[in-house]
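A.B. asks: give the three-dimensional model of this entry:
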Amino acid sequence: MKTYNALRRRCVETTVVVYRFIAVVALIAVALPSPADDLNIRVSVNLVQIDVAVTDSHGVPVRDLTQADFELLLEGSPRTITHFSHVAKPAPAVLPAVVPRSVSKETIAAAPPPAPLKPDQVGRVMAIFVDDLSLAAQTIPQVRRGVKKAIESQMGPTDLTAIVRASAGLGALQDFTTDRRMLLAAADQIRWNPRGRGEGGAYETLGDNRSRDQGMLGLGTNVDTASFNETENTRDLVYTGTALESLQRVIRGMAGMPGRKAVVVLSDRMPLVLRDTSAVATRGTAGLQFDPGSLIMDRMRDCIAEAARNGVVIYAVDTRGLQTLVLGADAHYDVSLLDGGGSVAPGASIGADIASKYSTALHAEHDQRQEGGWFLASQTGGIMIPETNDIGASIGRVYADMQDYYLLGFSPPEGSFQPGPDGHPMFRSIKVRVKRPGVQVRSRSGFYGALESQTAVPPERAELRLANSLESPFGSSAVDLRLHSSFLSARSNEWIATVSLWVDAHHLTLEGPVYNRSAIVHLLVRTFGVAGAELEGGIDKLLRVSLNEEGFERAMKYGLLYSTTVEIRKPGPYQVRAALLDQASGRIGTASQFLEVPKADKRNIALSGIVFPSMLSKQDDIVPAAATTSFAPGQRVPFAFEIIGGSGGKDFTATTSLYRDGELVFKSDGLPVDTSKKTLHGSIFAKSEVAIPATAVAGDYQMHVVVMDAAAQGKRPASQWADLTVGAQLQ
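C.D. replies: I've put the predicted structure just below:
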């Protein structure tokens, strides 16, 4: 028990962090409009819907079934299917790679950031759950490559995806997004966890750990197999239990999202039950499964129950890859030293009896580590992928599986929603059959008879809604809030993020006499690092909007502006987020932007963020804008930036492109860049302009600036993105 408690304390930090996941999507159930009926999975006293996947023997979806082909049993009794539909989503077009494989690493990718996604535009919703508490160091590189491959080659432009590590929870760069830059940055954080259960390899080499060999194989005399099993159980209970608790909260956090949702569990080790620790444990039977307390099983059932309540399908991938499960050339156990200790060099003779025991034990351990994945997938309608060397293809298989399924609905009998003896909702088992021979049917194993009134979340205080909305993948648009962020080098190797916010004054409650209209707003501005940690600083303050008659007219015409700066201590990818609450009405607006600060490089140049003069205002005060912050068709828009690093030359050319909804609408020729004569700790201040096409329609655009150093032929160019809005034609 002491060992358990010590290990448990080591995992406290990892479990607490994951609680943040619940807040990430807690607001979505209120903010989302009702999706289409065929994407809504309901459980109510009048209708229970269940999603069913049907494939042939090769795993290809069977799409021509009718309602008459299905049979549904509730608690073993047939129920009439009253609602039936087939959901077949077309495969989304995959965007070009963030860094195309067909070009050199020095080529700048011109893939624009994704356009903001509306809730009713959501395609597939997937959380990639990386159990880094179990992953071996040997497994990590292929997991990281596989996740990146799936993001680049399988994820569509409307797919909401998150990457969640069991040890780190849902960080700011890990929540649900369509932005592949954010997801690739999160994938880079998949690393071996030395505090976890994973070791150097998926399996230890025979002879490397004599104590383990004796306990697992029952070799030698006076071997206490029960003690060995108890130690292994303690580790499994702590690390697998912690991962399952994290997984349960991830599933709970997906409750308000639309349609059929999936969690893909990537793990080296997901046992279902524990080993025999009784005094009569047989030597050499470490594979014997015995779990009197069902401790891990209970946590598995909790995850399955959460998935049933929230319409989530669990898929599992064994990340160990294909294994031979036989002795390799590196095995070096010396049978002559069983009781004396020690071993001989690799390649020494190993008895056939030891080799047989080792292979048998490896097969048992291999199967034991997969049982949890099989159980989670089978009970929720998902797939277990047991052996694969291509994790990216496995995740792609899940993406494809989410596109095609049937929805069956039935009226539950009276009493289905009565609580059990303990007052909690009871689980009602469901079995779905298809009358056509040769097909495979997958569905969740049942549902919990809980009414909406029993599971409804009580209304949140406005301040809590504000904090939650800062992390929602959809945010809130009750107040039109727009964010423009860039970065500048404050001094050598130190950076600041400049943040400018535009607020639609029409959405604020401005009260008082015409000569002094005012409102109180609560503003949060946060910057998050790649590991999900919130940076120190940021903004959390109440601001008074105070407007005289002239200021009120400008605010109504041009909006309100707020500017501030946030310190950034080192290069890397970040996300800047802002949320604003109108205190009087409770309306909330949110905005966010991805920001990547490059490392200084003497060989190649880099660009700071793009700054539009029209977006700048008085620091840390909310004031009416002096002019429109949107730009008109035909207008030439100036902007400024820093050129960082490089060979010190001052002869640069810039090419500017405009994108709308991911489509290129304008690209300029290379134009000379106007640079300042003075430099600041090696950085060069520069300015340029972009010509908005006269035919540009009103809306949001992304601007891509690529700068070439004429003195550095063959070197990598620098690029940067910025958002801008095109409004009405100038009069």
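A.B. asks: which ones are touching S429?
C.D. replies: With contact set as Cβ atoms under 8 Å, 6 or more residues apart in numbering, S429 has these partners: L74, E75, G76, S445, G446. Yep, even glycine has a C-beta here, placed from its N, CA and C like the rest.
A.B. asks: now with 10 Å, please.
C.D. replies: For S429, the contact set (Cβ atoms under 10 Å, 6 or more residues apart in numbering) comprises L73, L74, E75, G76, S445, G446, F447.
A.B. asks: top of these by number of neighbours, please.
C.D. replies: F447 (23 neighbours; other Cβ atoms under 10 Å).
A.B. asks: from P78, how far out is it?
C.D. replies: Per Cβ to Cβ, to the nearest Å, F447 is found 17 Å from P78.
A.B. asks: related to what we said a few turns ago, determine which two of the contacts of S429 are furthest apart.
C.D. replies: Spatial extent of these (Cβ to Cβ) is set by the pair G76 and F447 at 15.0 Å.
A.B. asks: pLDDT below threshold where in the stretch 551-700 of the chain?
C.D. replies: Applying pLDDT under 70 to the stretch 551-700 of the chain flags residues 600, 647-649, 677-682.
A.B. asks: now the strands for it?
C.D. replies: 560-568, 572-582, 588-597, 605-607, 622-624, 636-645, 652-660, 663-667, 671-672, 674-680, 683-691, 699-709 (DSSP state E, counting those that start in this stretch).
A.B. asks: right, and the helix or strand after the helix or strand containing G392?
C.D. replies: Using DSSP states H and E, G392 maps to helix 391-401. Following helix 391-401 in sequence order, the next helix or strand is strand 404-410 (DSSP H and E).
A.B. asks: which helices and strands sit right next to that next one?
C.D. replies: Under the contact definition 3 or more Cβ pairs under 10 Å, 6 or more residues apart in numbering; DSSP states H and E, strand 404-410 sits against strand 48-55, strand 70-74, strand 77-79, strand 81-88, strand 427-434, strand 440-443.
A.B. asks: direction included, what does the last one pair up with?
C.D. replies: Put plainly, it is strand 440-443. strand 48-55 (antiparallel) (DSSP bridges).
A.B. asks: next, the angle strand 81-88 makes with the strand it pairs with.
C.D. replies: Orientation check (axes from the mean of the first three to the mean of the last three Cα atoms, to 10 degrees): strand 48-55 against strand 81-88 gives 50 degrees.
A.B. asks: and strand 48-55, average pLDDT?
C.D. replies: The average pLDDT within strand 48-55 is 89.
A.B. asks: cool, stretch 196-214 as well?
C.D. replies: Here the average pLDDT along stretch 196-214 is 59.
A.B. asks: ok, stretch 147-164 next?
C.D. replies: pLDDT averaged over stretch 147-164 gives 88.
A.B. asks: buried residues, that stretch. List them.
C.D. replies: The neighbour-count check on stretch 147-164 (16 or more other Cβ atoms under 10 Å) flags 147-152, 154-164 as buried.
A.B. asks: same list, the helices and strands packed on strand 404-410, but as a markdown table with distance to Y515 please.
C.D. replies: Converted to a markdown table, the helices and strands packed on strand 404-410 look like this (distance: least, Cβ to Cβ, whole Å):
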| stretch | distance to Y515 |
| --- | --- |
| strand 48-55 | 58 |
| strand 70-74 | 68 |
| strand 77-79 | 69 |
| strand 81-88 | 59 |
| strand 427-434 | 65 |
| strand 440-443 | 66 |
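A.B. asks: that concludes my questions; thank you for your assistance.
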